[in-house]
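Participant: Predicted coordinates and the sequence they were generated for:
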There are 2 protein chains.
Amino acid sequence: MVNEGKFGVALVGCGIVGGGTARVLTEDIEYLQKRTGIPFYLKYVVDKNFDNARSIGIPEDLYEEDFNKVIADPDVFLVVELIGGLTVAKKIMTKALEAGKHVVTANKALLAHYGPELFALARQEKVSIGFEASCGGGIPIVKALTDGLLANRIEAMFGIVNGTCNHILTEMSEKGQSYKSALQSAQKAGLAEADPTLDVTGMDSAHKLTILGSLAFGERVNLDTIPVQGIDTLDLYDVETGKELGYIMKLLAVARKTDKGLAFSVSPCFLHTSHPLARVSGAFNAVSVYGHAVGHTMYMGRGAGSSPTASAVVADIIATALEITPKAFETLNFWPDQTEEARQLPPADISSRYYLRFMVKDRSGTVARISSLLSEYNISITALLQREETSETIPLVMTTHEAREGDMLKALAAIEKLEEVMETPFMIRIIEEHPEQVI
Amino acid sequence: MVNEGKFGVALVGCGIVGGGTARVLTEDIEYLQKRTGIPFYLKYVVDKNFDNARSIGIPEDLYEEDFNKVIADPDVFLVVELIGGLTVAKKIMTKALEAGKHVVTANKALLAHYGPELFALARQEKVSIGFEASCGGGIPIVKALTDGLLANRIEAMFGIVNGTCNHILTEMSEKGQSYKSALQSAQKAGLAEADPTLDVTGMDSAHKLTILGSLAFGERVNLDTIPVQGIDTLDLYDVETGKELGYIMKLLAVARKTDKGLAFSVSPCFLHTSHPLARVSGAFNAVSVYGHAVGHTMYMGRGAGSSPTASAVVADIIATALEITPKAFETLNFWPDQTEEARQLPPADISSRYYLRFMVKDRSGTVARISSLLSEYNISITALLQREETSETIPLVMTTHEAREGDMLKALAAIEKLEEVMETPFMIRIIEEHPEQVI
């Protein structure tokens, strides 16, 4: 086993993912050096507090608080940034790049907000950024887009990219739990943060969509322009009613190429139970990618957690040491600092099928009034569900054929004004299996 | 668009896959050069007959019959071998490697039989062999094993790696077709060769298991030692009876690490309908890989066909031009010419659950006699199915708990000797979802 020389790794941030990475880089290093033929080794674990590092048995002689000392060490070829967040992480990454160190990171928020700037800096300093761990945990989805599928024009991408949300939705769907109690059980199981806002609002998925969409289409996606809806306002009633109609609810990150531009969105969606993503449950993530040559491909795995994420981080370290990542970064022409901003289809022009729920007073003619308003906006109904109920306000559920979102919003605004409609109508997209267009 | 210089590609064999590859390399070359930053281009299409090339519009000035002229051209950096088979393909590949050309191939049979020899020759000549297209068509599964999952010790791999068989089994299972008529419909749909022997006997899957298993475990798999059973002797009765019991029949290539060595097999298996591979239907392929850090990951896509395979071939050309494949080939230490022969668990020691069918004369005590013979060999029954039938010989179906295959074979031999047992008992493995052992 080698533990000196120019392939030293500095790991910054020894929390859940950092700890898992440090464990792989110490416990398995002999195996990894032998298997890869590369004498890389963990030289520093940088943090302010080493309680977690100590508790999982990371050797104390690796601990270092002074990051400046670390980047001054010529034997450090790569800095792994695993502290998360935007402020300190950006400083750390900038310093590392400016010192001519390659960087590997799992920080999707940072790359979604500042990717182009950081990639440009890396390019200027002739180093690379590895970010497999930022999207889909241990699933090699970045590699698929930047290597395995390079021969393709990507036509569409659909991703379940947040394990917390997928766990919560699975609990709601399979165990009939409310959103609130499913969230609590996810927190108890360590599958949701104490502050789950980034996850449940869909923002974490939007970060990943920004990164993956930019790579897939070779156009720079602007995070701020993605319409994002989370799962935090969902009602168990709709999850269960959709299920009766043959649909499973998933939080989907969607990117599709259309004649008029790219259509991006993050929102809870209904998938037919036969859809390939419908069965991806619990903490698993999966991304479906449609290429013009390859057709449909799907990648599934654990989207978060200590050791799955560590798997991606360590693969990036190896690919950087092998000079694969630097070479790809130097030669390929679709990194976010090199591409034009994506031509995006305005959300109003996105078309899809819909599930609608209206809370109405039970009066004669309500269904007729609602469906005629829908019809005015070119929206036609595929199914309708109204149960016999005793309460005064009852749910009226409909599914529709494909409709423009702009038309749908106008129709719903008109319907909301009807006297017998008691709440803002609830609307959710139904995503059909994407058609393959294999040449 | 560039079409001169040192990144010339020579494509040998312009059939189904060759034609698809030639199309991508002509129709999409401008896009690909721009996207990848690499001025690669198709310089020669080598064949004896150019009818197919002509029919799909490949420019005539690329046609060349003299392979010696092609490898003498210093502007050819890479030869794509797409003729298939063992004899001519081996000569072509050997000549190309000896001339110092990189090779890209989709030829699983060639690599399964002569991989170590060909890899050693490539190493000697300081060139590389790209073979993503040899396993799983357009699915980047070779990349996953040689790059994305490098940080892992692979614990198990389960693959549906033959689209012809999966199509036939899907037709049998979903439409109640017999094996024979499902095969005929696959042939009509262009999904099975006129001579489907390699596919339906499981041999094609064994070729792919040899290649993928060697990479996953870093031990050289010997094709001849893999127990292989095809789908060509299957009876619709078992497909349908299994389905009633909650199982889907799939031809599975299996590689598992056990305490006593690696367990390989290719055979039709029953998967519970909830198993992640059970829903992979029609011409799709999928491979589940279990790593010690990443846990379960799955890769799905079209396993064959012109353009999905071309997608993998062209990705390999790009990765070779980028020097990614040569660098990985030079540095990593688990290529089949470098590793020891796999320590294999003798097939008799492989344990699994089983589905059994006995054709018996309807007499009192038969079930008792059969189950007591099973019990003598430590095999216990989990379910039993015998329908009221009028015919003299009736099927008696059982499923069992986990048992050693050696014990099972002995028990079945003893049972076959019973007077009321009219045929050789039918036995098929039931594969449970592999347990994840995430660190």
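Facilitator: Good, I have the coordinates.
Participant: tell me the residue furthest from the middle of chain A?
Facilitator: residue A:364 (44.9 Å; C-alpha atoms, centre = their mean).
Participant: ok but that one is inside a helix, no?
Facilitator: No. Assessed with DSSP: H, G, I helix; E, B strand; the rest coil, residue A:364 is coil; it does not lie in a helix.
Participant: how much space between it and chain B?
Facilitator: Per C-beta to the nearest C-beta, to the nearest Å, residue A:364 is found 45 Å from chain B. Yep, even glycine has a C-beta here, placed from its N, CA and C like the rest.
Participant: Check the gap between that residue and residue A:425 for me.
Facilitator: Distance, residue A:364 to residue A:425, using C-beta to C-beta, to the nearest Å: 20 Å.
Participant: again, but for residue A:213
Facilitator: For residue A:213 relative to residue A:425 (C-beta to C-beta), the value is 29 Å.
Participant: out of those two, which sits in the more crowded spot?
Facilitator: residue A:213 (27 against 21; other C-beta atoms under 10 Å in any protein chain shown).
Participant: who touches that one in this structure?
Facilitator: A:157, A:219, A:221, A:255, A:262, A:264, A:342 (C-beta atoms under 8 Å, 6 or more residues apart in numbering or on different chains).
Participant: mind checking the SS state of it?
Facilitator: helix.
Participant: Please apply the same query to residue A:263.
Facilitator: Following three-state DSSP, we place residue A:263 in the strand state.
Participant: Show the pLDDT at the residue nearest to residue A:149 when sequence neighbours are not counted.
Facilitator: Closest residue to residue A:149 apart from its sequence neighbours, by C-beta to C-beta, 6 or more residues apart in numbering or on different chains: residue A:291 at 5.3 Å. With respect to pLDDT, residue A:291 scores 97.
Participant: can you give me the offset of stretch A:104-112 from its chain's centre?
Facilitator: Put simply, stretch A:104-112 sits 12 Å off its chain's centre (C-alpha atoms, centre = their mean, to the nearest Å).
Participant: Compute the first-to-last residue distance for that stretch.
Facilitator: 15 Å (C-alpha to C-alpha, to the nearest Å).
Participant: what pLDDT, on average, does it get?
Facilitator: 98.
Participant: Also stretch A:26-39?
Facilitator: Rounded mean pLDDT across stretch A:26-39 is 96.
Participant: Buried residues, it. List them.
Facilitator: Of all the residues in stretch A:26-39, those buried under the rule 16 or more other C-beta atoms under 10 Å in any protein chain shown are A:26, A:28, A:29, A:31, A:32, A:33, A:35, A:36, A:37, A:38, A:39.
Participant: Now secondary structure and distance to chain B too, for those residues, in JSON lines please.
Facilitator: Listed next are the buried residues of stretch A:26-39 as JSON lines, based on DSSP: H, G, I helix; E, B strand; the rest coil; distance: C-beta to the nearest C-beta, whole Å:
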{"residue": "A:26", "secondary structure": "helix", "distance to chain B": "12"}
{"residue": "A:28", "secondary structure": "coil", "distance to chain B": "8"}
{"residue": "A:29", "secondary structure": "helix", "distance to chain B": "11"}
{"residue": "A:31", "secondary structure": "helix", "distance to chain B": "7"}
{"residue": "A:32", "secondary structure": "helix", "distance to chain B": "7"}
{"residue": "A:33", "secondary structure": "helix", "distance to chain B": "9"}
{"residue": "A:35", "secondary structure": "helix", "distance to chain B": "6"}
{"residue": "A:36", "secondary structure": "helix", "distance to chain B": "6"}
{"residue": "A:37", "secondary structure": "coil", "distance to chain B": "4"}
{"residue": "A:38", "secondary structure": "coil", "distance to chain B": "6"}
{"residue": "A:39", "secondary structure": "coil", "distance to chain B": "11"}
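Participant: now for the residues you listed, which pair is the farthest apart?
Facilitator: Within the buried residues of stretch A:26-39, two members stand farthest from each other by C-beta to C-beta: A:26 and A:37, at 19.3 Å.
Participant: how many neighbours does residue A:339 have?
Facilitator: Neighbour tally, residue A:339, other C-beta under 10 Å: 17.
Participant: got a list of what it touches?
Facilitator: Residue A:339 is in contact with A:214, A:218, A:219, A:220, A:333, counting by C-beta under 8 Å, 6+ apart.
Participant: now swap in residue A:162 and tell me
Facilitator: Residue A:162 neighbours (C-beta under 8 Å, 6+ apart): A:199, A:202, A:204, A:205, A:208, A:251, A:285, A:303.
Participant: try 10 Å this time
Facilitator: For residue A:162, the contacting residues are A:136, A:168-169, A:198-200, A:202-208, A:230-231, A:251, A:253, A:266, A:283, A:285, A:303-304, by C-beta atoms under 10 Å, 6 or more residues apart in numbering or on different chains.
Participant: what do you get for residue A:428?
Facilitator: Residue A:428 neighbours (C-beta under 10 Å, 6+ apart): A:229, A:234, A:238-239, A:242, A:247, A:249, A:267-270, A:352, A:354-357, A:399.
Participant: For it, give its distance to chain B.
Facilitator: For residue A:428, the distance to chain B equals 24 Å [C-beta to the nearest C-beta].
Participant: mind listing what the helix or strand where that residue lies pairs with, with the direction of each?
Facilitator: If you go by DSSP states H and E, residue A:428 is part of strand A:426-431. Under the criterion DSSP bridges, strand A:426-431 sits next to strand A:261-272 (parallel), strand A:351-361 (antiparallel) in its sheet.
Participant: Pick the most deeply packed of these.
Facilitator: Per-stretch averages of neighbours, counted by mean count of other C-beta atoms under 10 Å in any protein chain shown, single out strand A:261-272 among those, with a mean of 22.
Participant: what about that strand, distance to the chain center?
Facilitator: Its chain's average C-alpha position is 12 Å from that of strand A:261-272, according to C-alpha atoms, centre = their mean.
Participant: Could you say whether residue A:232 sits in a helix, a strand or coil?
Facilitator: Once three-state DSSP is applied, residue A:232 turns out coil.
Participant: Skip the chain neighbours and tell me the closest residue to it.
Facilitator: Spatially, and ignoring its direct neighbours in sequence, residue A:232 is nearest to residue A:200 (4.4 Å; C-beta to C-beta, 6+ apart).
Participant: so is residue A:172 in a helix, a strand, or just coil?
Facilitator: helix.
Participant: What number of residues are in the vicinity of it?
Facilitator: Counted with other C-beta under 10 Å, residues neighbouring residue A:172 total 24.
Participant: just residue A:239 next, same as before
Facilitator: 26.
Participant: show me the contacts for it.
Facilitator: Per C-beta under 10 Å, 6+ apart, neighbours of residue A:239: A:169, A:171-174, A:176-179, A:182, A:231, A:247-249, A:268, A:270, A:428.
Participant: repeat that for 8 Å
Facilitator: Contacts of residue A:239 (C-beta under 8 Å, 6+ apart): A:169, A:172, A:173, A:249.
Participant: and the two most separated of those?
Facilitator: A:172 and A:249 (7.6 Å).
Participant: burial measure for residue A:158, as a count.
Facilitator: 26.
Participant: coming back round to it: just put the strands paired with strand A:426-431 in a markdown table and tack on mean pLDDT.
Facilitator: Below are these laid out as a markdown table (pLDDT from 0 to 100):
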| stretch | mean pLDDT |
| --- | --- |
| strand A:261-272 | 97 |
| strand A:351-361 | 96 |
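Participant: Need the ones you listed in CSV (columns: distance to residue B:53).
Facilitator: Converted to CSV, the strands paired with strand A:426-431 look like this (distance: least, C-beta to C-beta, whole Å):
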stretch, distance to residue B:53
strand A:261-272, 35
strand A:351-361, 40
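Participant: so which of the ones you listed gets nearest residue A:92?
Facilitator: Nearest of the strands paired with strand A:426-431 (C-beta to C-beta): strand A:261-272, 27.6 Å.
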